[in-house]
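give me a model of this one.
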Amino acid sequence: MAEVIGIVEDIIFRNEDNGFSVIEVREEGTNHLVTAVGGFPFISQGERIRLEGEWTTHPDYGRQLKMLNYSSAAPSTIEGLTNYLASGLIKGVGEATARKLVQLFGLDVLDIIQFNPQRLTEVDGIGQRRAEMIASSFSEQKEIREVMIFLQSYGITTAYALKIYKMYGGNTVNVVRENPYRLAEDITGIGFKTADRIAGSLGVDMDSPYRAAAGIRYILSEAAAEGHTFLPKEVLLEKASKLLAIDNLIIENSLTNLALTHSIVMELTEEYTAVYRAGLYQAEAGASRMLRDLAVGNTIKQYNNIEENIKRFEEKNHICLAEQQREAVCSAMQHGVLIITGGPGTGKTTAINCIIDLMEQKGLKVELAAPTGRAAKRLAETTGREARTIHRLLEYGFGDEHEYAFQRNEDNPVKADAVIIDEMSMVDILLIFHMLKAIAQGTRLIMVGDVDQLPAVGPGNVLRDMIQSEVIPVIQLTEIFRQAQESMIIVNAHRINRGENPFLNVTDKDFFFDKRESLDDVLKTLIDLVVRRLPGFGDYHSLQDIQILAPMRKGTIGVNNLNTELQKALNPPAYNKKEKAYGQVVFRQGDKVMQIKNNYRLQWTRHGQNGETYEGEGVFNGDLGFIQDIDTEEQTLTVLFDDDKTVVYDFSQLDELELSYAISIHKSQGCEFPVVIIPLVSGPPMLMTRNLLYTGVTRAKKLVVLVGREKTIRLMVRNNRIARRYSGLDYRLKQAFGMALL
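Model (predicted):
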């Protein structure tokens, strides 16, 4: 086996996903350059390394060392140390700082950083906080390398290895050895098969009850990610048998043991035995019980003269409420729980404003909330009152027990006489459970939403189940108001919802169809619309006003490729724009981005109109913003979100962001955009559905442009397939209310 010791002169190529790299190493004591290939996920220019490998000859690139093992060795020269420190590997050290450090401490600089970091403050520009950052980053890099070598020996890519390290830190090796199946539960994107492969190499037997239990938990977690709160036992057994390839008796025994230890709950229904993860069972059962208590409790005060109050509201606002709106307002003043549902243009906002006005006249305190920041912002704009996300209403944050939780609960309820929640179609079973825990008896709960929208991303079918249970009062608004009838967006949304083809290209209206057959033509048209045609047509801003909503993520006109192409057109590289490559994506200053997971701990700041600064925590799935700055020395990326929150991301957190020049229709729920463009060519029937098209169209305020094949539009309108979600809230509500009436 050949051995080479030297300095990394250049990194010719690196795959950020798996760490495969082509590097040039200058052999120590010579000027000879060696080309080496292999997995070098964290190697840096200027680093001194020891390589072991085999010599090979590439037909195009000549002699190369195929690396089998490598280890890092501290650079032994002033130049090597400077290059190493300036490589960007250590947070808080850039090129200028590296030179200062080496100039002051010479060949001892790495020992100073590791063992005597307080001396770093002797360098001009380095304070105590930055010195601690540099020392911590240096220590972490050494730790990460050891973890990476361990994980990559089991075939785990660099990207996932980083996620694992972020979760478990220095305890990674112990956690994985002790229970490799935790990876499938804790790390997004790592499936059971990867964890199972590691377990096998560590000697875990295929028939191990521990393995069976892990497989069952994984299947139920995957089901929750698909929107189910439970799986029928037979469905679960079939999936488990296929995944585990073991005797069904072992799986049955594992189910029993999991039930006995309260990890799962098995409940016999009229159709099947439902198998829940314990947390989802508690959420579903608890939500139904609390909804019943709010609805049938005798603490709700009744009000007289409601019609007179409505009349005063109408006179003050120069409007006349429709019969269904009047019914909604009266019901809100009479019931403990109420659902108001209806499509666009049916007057939900006017009904809400009247309800708020009447309640405030009665001296009631009303709280407004919605699932996302954009939805809350829109609710505030339409009501002229403060509206918050549900998480902010429930004060999610660091609690007394030193962990993150909702601070508003049954012991510390929301201080309000009425709570109005908008965009209820986006609320999953876990969120409504926590919300209901924070609503005290005697508080009115009014839930508003469009049941024909796509269901929540999380588990459950909350709004649809509550309506179908027929035990909670529901007012459905169906009348489209005259001013709304002028909008072809609203007319067509209702036509699509009824299974009728939309009107296309009506003169002087706000709904257009641009016929294109090939994928390449659709792509070119989309870019032309965003860059040139629509800004010229209606003075729309390409980034601020126009949003492409795609049905799919993959393919030529999928979200991923569209973002790559639109970034080239709208925010190309420039000498004055900072960049950061992360995986297959390059984030660039000025890019439009979206937060793609809930992160309750991310800190944000917001500046008020009078210069005051507000601080808080929590950035949520679907929040949109723009990259303001990228600091390669501090290894941070700063985003200004639509609700004026500024968030500083560490480079290790960039898996929480993605480009959002185009987003999926699913991700657009709760959002509104001045202009929406939807590419429609083809796709799987289970995806290209009526309610997907309906949801996309209803996201637009001023203009909709469909681009693609008319045949696809007609197929989607006819395809009223609604994927079944296994959820039991409907059944539980009937059961709970039935018991209350006995």
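
name the element W55 belongs to?
Assignment of secondary structure by DSSP states H and E places W55 within strand 48-58.

same question for that strand, mean pLDDT?
Per-residue pLDDT values over strand 48-58 give a mean of 85.

helix or strand right after it?
Along the chain past strand 48-58, the next helix or strand (assigned with DSSP H and E) turns out to be strand 62-73.

need the contact list for the nearest residue to G622 once chain neighbours are set aside.
If the residues on either side of it in the chain are set aside, G622 comes closest to T372, at 5.1 Å by Cβ to Cβ, 6 or more residues apart in numbering. For every residue, glycine as well, the C-beta is placed using N, CA and C. Remark: with contacts taken as Cβ atoms under 8 Å, 6 or more residues apart in numbering, T372 is in contact with 389, 423, 426, 620-623, 669-671.

I'd like to know how far T372 sits from V457.
Distance of T372 to V457, computed by Cβ to Cβ, to the nearest Å: 11 Å.

what sits in contact with each of these two?
Each of 426, 621, 669 lies in contact with both T372 and V457 under the rule Cβ under 8 Å, 6+ apart.

can you list contacts of stretch 71-86?
When contacts are defined by Cβ under 8 Å, 6+ apart, stretch 71-86 is touched by residues 5, 7, 28, 43-50, 93-95, 97-99, 101-102, 106-107, 109-110, 145.

let me fix that, I meant to ask about stretch 572-584.
Defining contact as Cβ under 8 Å, 6+ apart, one finds that stretch 572-584 is touched by 16-17, 159, 571, 586-590, 629-632, 637, 651, 654-655.

now a PyMOL select for only the buried ones of these.
Buried subset of the contacts of stretch 572-584, written as a PyMOL selection, criterion 16 or more other Cβ atoms under 10 Å:
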select buried, resi 16+159+571+587+588+589+630+637+651+654+655
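
can you pull the buried residues of stretch 543-554?
Neighbour-count burial for stretch 543-554, counted by 16+ other Cβ under 10 Å, picks out 543, 545-553.

no wait, stretch 620-629
So stretch 620-629, judged by 16+ other Cβ under 10 Å, has buried residues 620-627.

just the terminal-to-terminal distance for it.
Stretch 620-629 has an end-to-end distance of 20 Å (criterion: Cα to Cα, to the nearest Å).

average pLDDT across that stretch?
91.

starting at the chain centroid, how far to it?
Offset of stretch 620-629 from its chain centre (Cα atoms, centre = their mean, to the nearest Å): 11 Å.

in a strand, F512, correct?
Yes. With DSSP: H, G, I helix; E, B strand; the rest coil as the criterion, F512 is part of a strand.

what residues are up against it?
Shown here is F512, whose contacts under the criterion Cβ under 8 Å, 6+ apart are 504-505, 703-706.

quick check: phi and psi on F406?
In this entry, F406 is assigned phi and psi values of phi -80, psi 120 (degrees, to the nearest 10).

next one: it from N412, what distance?
Distance of F406 to N412, computed by Cβ to Cβ: 9 Å.

look at those two and report which has more neighbours.
F406 (20 against 14; other Cβ atoms under 10 Å).

hmm, R553 is touching S664, no?
Yes. With contact defined as Cβ atoms under 8 Å, R553 counts as touching S664 (6.2 Å).

so what sits against both of the two?
The contact sets of R553 and S664 overlap at V559 (Cβ under 8 Å, 6+ apart).

so where's the stretch 451-600 of the chain shaky on pLDDT?
With pLDDT under 70 as the threshold, the stretch 451-600 of the chain has low-confidence stretches at 482.

ok, which stretches of it are strands?
For the stretch 451-600 of the chain, the strands defined by DSSP state E, counting those that start in this stretch occupy 474-477, 511-515, 546-550, 579-582, 585-588, 592-595, 599-607.

out of those, which comes closest to G169?
Nearest to G169, of all the strands of the stretch 451-600 of the chain, is strand 599-607, at 15.0 Å by Cβ to Cβ.

please compute how far the lowest-mean-pLDDT helix or strand in the chain lies from its chain's middle.
Lowest mean confidence among the helices and strands of the chain (mean pLDDT, DSSP states H and E): helix 482-485, at a mean of 71. Shown here is helix 482-485, whose average C-alpha point lies 35 Å from the average C-alpha point of the whole chain (Cα atoms, centre = their mean).

what do you get for stretch 181-200?
Averaging C-alpha coordinates over stretch 181-200 and over its chain gives two centres that are 21 Å apart (Cα atoms, centre = their mean).

just the shared contacts of T372 and V457 now: which is nearest K524?
Among those, Q669 lies closest to K524 (Cβ to Cβ), at 28.6 Å.

dump the residue contacts of that closest one.
Under the criterion of Cβ under 8 Å, 6+ apart, the neighbours of Q669 are 372, 423, 425-426, 453-454, 457, 622, 695.

for L687, same thing?
Applying Cβ under 8 Å, 6+ apart to L687 gives the contacts 551-552.

what are the phi and psi angles of it?
Dihedral pair for L687: phi -100, psi -40, per degrees, to the nearest 10.

for it, give me the pLDDT.
87.

do the same with N69
Predicted confidence (pLDDT) at N69: the value is 76.
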